[in-house]
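**Student:** Just to be clear, the model below is a prediction. Sequence and coordinates:
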Amino acid sequence: MATFYICCLLTGARKDEFLSLTWEDLDFRWKTIHLKDKVEDNGRIIPMTKYVEKLLRDLKKTSDSSYIFSSNTSATGYIVNPYKEFKKICNEIDIQLTIHGLRRSFKSLAEWVDIPVGVTAQISGHKPSALAEKHYTVRPMDMLRGHLQKYENWVLEQAKISF
């Protein structure tokens, strides 16, 4: 489950978007993740950064399910209730945080590395806030990847994680 929590913080994805991922939603060749977005019918595609890729590849080595975060006891086939374990972790390290708080932290922390608000919104799946943003701003995947990788690198540096 650690991979799930880390990926939520590093991508800004909604809980259900990440928990329901299948291996087919990942494109390791083009380094992208196809999320089933609650706002956009076609979902959205976000970059797969280097550390997120490593975590997901490590999970793949031990998985025999079509779901990345599979569950043998869930009717859906994937984990639907990660709250108990998350609460236990938060209590152990004495912090007040929710899973949705990881998503909010993504937006807040992205500002520390000067990621444009529109980029953060697009990656995390928020609707464009302005007409020009919706109709005129085009951001190629490589542009999003550069920003998201910069963010991931900074978060890992702050956490003193090297891989």
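**Tutor:** It's in.

**Student:** Tell me which stretches of this structure form helices.
**Tutor:** For the chain, applying DSSP state H gives helices covering 2-11, 15-19, 50-60, 83-92, 99-112, 117-124, 131-135, 141-158.

**Student:** out of the ones you listed, nearest to N72?
**Tutor:** helix 15-19 (14.8 Å; Cβ to Cβ). Heads up, the C-betas are built off the backbone N, CA and C, glycines and all.

**Student:** Alpha carbons of the closest one, as PDB, please.
**Tutor:** Output of helix 15-19 as PDB, limited to C-alpha atoms (Å, rounded to 0.1, in the frame of the first residue of the first chain):
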ATOM      1  CA  LYS A  15      -7.900   7.800  -4.500                       C
ATOM      2  CA  ASP A  16     -10.300   5.900  -6.800                       C
ATOM      3  CA  GLU A  17      -8.400   6.900  -9.900                       C
ATOM      4  CA  PHE A  18      -5.300   5.100  -8.700                       C
ATOM      5  CA  LEU A  19      -6.900   2.200  -6.800                       C
END
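
**Student:** In terms of secondary structure, what does it contact?
**Tutor:** Judged by 3 or more Cβ pairs under 8 Å, 6 or more residues apart in numbering; DSSP states H and E, the packing partners of helix 15-19 are helix 2-11, helix 99-112.

**Student:** what's next to it, contact-wise?
**Tutor:** Under the criterion Cβ atoms under 8 Å, 6 or more residues apart in numbering, residues 4, 7-8, 11, 35-38, 69, 78-80, 82, 99-100, 103, 125 lie in contact with helix 15-19.

**Student:** again, only this time at 7 Å
**Tutor:** 4, 7-8, 35-37, 69, 78-80, 82, 99-100 (Cβ atoms under 7 Å, 6 or more residues apart in numbering).
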